[in-house]
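**Student:** Let me see the structure of the following:
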Amino acid sequence: MRQRRQRSVFVRPMLATLIDKPFDDSAWVFETKWDGFRIVARIDRGKVTLYSRNGKKVSERYPSIVQALSKINHDAVIDGELVALDRRGRSRFQLLQNALRTSARLRYCAFDLTFLDGRDMRKLPLLNRKAALKRILPAGNIVRFSRHRVENGTRFFKQARKAGEEGIMGKRSASIYRSGVRSRDWLKIKTGWEQEAVIVGFTRPQRSRKYFGSLALAVRDGKRWRYIGHVGTGFDATSLRAIHAKLAPLKTAAKPFDQKVKYEAQTTWVRPKLVGEVKFTEWTARGEMRHPAFLGLRDDKRAADVIMERSGRV
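**Tutor:** Numbering: from 1, shown residues only. Sure thing, here's the model as predicted:
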C-alpha cells in the first residue's frame, strides 16, 4: 500500500571506487558489474520516469523498460543499470549503443532501492534495501534483480573473467546509500581496462576510411585537460558518420593542452563536450592508453566529470 508521494524526483546515484584486485570478506557481498548505462527509475502512482546518471530524462528512449517497471505496485526510486545482452547473456556496452535501431535484448538490472512508498531507505543497511527491492520487482525477464554473493569475491571474480564479463562489484553489507558520493563502501574490480574519455579532436581520414582517422582523448585534471592518447579502432561506417556529425559543430581553433601531443599537425580540435568509452591494455608511463579501442559514445556523464581512474587497494 502506498503511504505518500515520493519526496524526491531524482536521487543522484552512489558511485564506486576502483580497486586493483578481488578479495574475500564476510562483511561484504559481490555482484556482477554490468556493462551499460546507469539508470535511476522513479515510479510514482504507476508513472515511470527514467533518469540517466546526470539527471537527464530518458524514459522515451526505452519504452519496454518503462512498461515493465509500471507493473510495480508501489511508489519507489530504484537504482540499476540498463544493459543490452549478447547471445551468451553477457551485458555489452557496444550493443547498447545501437539498441534504438536494432533488436537488442534490453534489460534493467536493479540493484538498490532508495525510496519506497515515501520512506527514505538510504539509511538502512544495503542488504535490507536489497531485500525490499526484491519483494517489489515484477515477474518477467526485462526487469531483473541483481543477485549478490556473500564473502567469496575472489572466486566470483575468476568466474566473471572466465565468462568474459566486465568485472564485479564489492559492497559492504551494512553500508548506507550515500547519494552522489564516490564511496569505498562500494568497490569495482574490472577484468580488463576501460576508461571514460572526452573527445577533444579528430585526425584526417586515411586511405579508404571516411570522416576521420582517430579521436584525440582527454580527461579532466584539476582545472585543466590532460591528454591520454588517440584512438583509431572500434569504429564501423555507421559510428564514423554519426560521431563526425556530432563533432563538426564543435570545431575550434583552441588546443586544449599546453604540451605537444602526437598527430597534432593532423588534428582538428573540438570543444570538449562528447564523452566516449574506451577499452585498452594498460596505462603507459606517460599516462596514455596502450592499444585503445573505442566502445561508443555515452551521454550519461558530463565531460567535466571525466577523470582518470587509477585502481587502488582495499
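**Student:** Who are the packing partners of the helix or strand of the chain with the lowest mean pLDDT?
**Tutor:** Taking all helices and strands of the chain together, the one with the lowest average confidence (mean pLDDT, DSSP states H and E) is helix 93-97, at a mean of 81. Using 3 or more C-beta pairs under 8 Å, 6 or more residues apart in numbering; DSSP states H and E as the contact definition, the elements that helix 93-97 packs against are strand 76-85, strand 293-298. For every residue, glycine as well, the C-beta is placed using N, CA and C.
**Student:** avg pLDDT for whichever helix or strand comes after that helix?
**Tutor:** Using DSSP states H and E, the helix or strand that follows helix 93-97 towards the C-terminus is strand 105-116. When pLDDT is averaged along strand 105-116, the result is 96.
**Student:** What lies in contact with the least confident helix or strand of the chain?
**Tutor:** With contacts defined as C-beta atoms under 8 Å, 6 or more residues apart in numbering, helix 93-97 is touched by 35-37, 82-86, 102, 104, 106, 239, 277, 295-297.
**Student:** Same check on stretch 121-141?
**Tutor:** Contacts of stretch 121-141 (C-beta under 8 Å, 6+ apart): 29, 68-69, 71-74, 76, 78, 107, 110-116, 143-145, 148, 171-179.
**Student:** Among these, name the buried ones.
**Tutor:** Judged by neighbour count, with 16 or more other C-beta atoms under 10 Å as the criterion, the buried members of these are 29, 68-69, 72, 74, 76, 78, 107, 110-116, 143-144, 148, 171-173, 175-177, 179.
**Student:** For the protein, which residue occupies the most central location?
**Tutor:** Nearest to the mean C-alpha position of the chain, counting by C-alpha atoms, centre = their mean, stands Phe37 at 4.5 Å.
**Student:** so that one makes contact with Gly296?
**Tutor:** No: assessed by C-beta atoms under 8 Å, Phe37 is found out of contact with Gly296, at 10.4 Å.
**Student:** Could I get the phi/psi values of the residue of the chain most remote from its centre?
**Tutor:** Taking C-alpha atoms, centre = their mean, the residue of the chain most remote from its mean C-alpha position is Arg207, at 33.9 Å. The phi and psi torsions at Arg207 (degrees, to the nearest 10) take the values phi 50, psi -130.
**Student:** So for it, what's the pLDDT?
**Tutor:** In this prediction Arg207 is given a pLDDT of 83.
**Student:** What distance do you get for it to Leu215?
**Tutor:** Summarising the geometry, the distance separating Arg207 from Leu215, computed by C-beta to C-beta, to the nearest Å, is 17 Å.
**Student:** same question, Cys109
**Tutor:** The separation that Cys109 has from Leu215, given C-beta to C-beta, amounts to 29 Å.
**Student:** Tell me which of those two has more neighbours.
**Tutor:** Taking Cys109 and Leu215 together and counting by other C-beta atoms under 10 Å, Leu215 has the greater number of neighbours (27 against 19).
**Student:** give me the beta-bridge partners of that one?
**Tutor:** Here Leu215 shows beta-bridge partners Phe202, Val231, assigned using DSSP bridges.
**Student:** Please enumerate the helices of the stretch 51-200 of the chain.
**Tutor:** Secondary structure of the stretch 51-200 of the chain by DSSP state H, counting those that start in this stretch: the helices cover 63-69, 93-97, 126-136, 153-162.
**Student:** tell me the mean pLDDT for the last one?
**Tutor:** Helix 153-162 shows a mean pLDDT of 93.
**Student:** Show me what that helix packs onto, helices and strands only.
**Tutor:** Using 3+ C-beta pairs under 8 Å, 6+ apart as the contact definition, the elements that helix 153-162 packs against are strand 24-32, strand 167-172.
**Student:** Need the nearest residue in space to His244, chain neighbours excluded.
**Tutor:** Counting by C-beta to C-beta, 6 or more residues apart in numbering, Tyr211 is the residue found nearest to His244 once chain neighbours are left out, at 3.8 Å.
**Student:** The one you found is in what secondary structure piece?
**Tutor:** If you go by DSSP H and E, Tyr211 is not part of any helix or strand.
**Student:** Nearest spatial neighbour of Arg122, chain-adjacent residues omitted?
**Tutor:** If the residues on either side of it in the chain are set aside, Arg122 comes closest to Tyr177, at 3.9 Å by C-beta to C-beta, 6+ apart.
**Student:** Quick check: pLDDT value at the residue nearest to the centre of the chain.
**Tutor:** 92.
**Student:** quick one: it and Asp24, what's the gap?
**Tutor:** Here the criterion is C-beta to C-beta. By it, Phe37 lies 30 Å from Asp24.
**Student:** got it, and Asp258?
**Tutor:** Here the criterion is C-beta to C-beta. By it, Asp258 lies 45 Å from Asp24.
**Student:** quick one, which of the helices and strands packed on helix 153-162 is packed in tightest?
**Tutor:** Highest mean neighbour count among the helices and strands packed on helix 153-162 (mean count of other C-beta atoms under 10 Å): strand 167-172, with a mean of 22.
**Student:** what sits up against it?
**Tutor:** For strand 167-172, the surrounding residues in contact (C-beta under 8 Å, 6+ apart) are 16, 19, 22-23, 25, 27-33, 126, 148, 153, 156-157, 160, 185-192.
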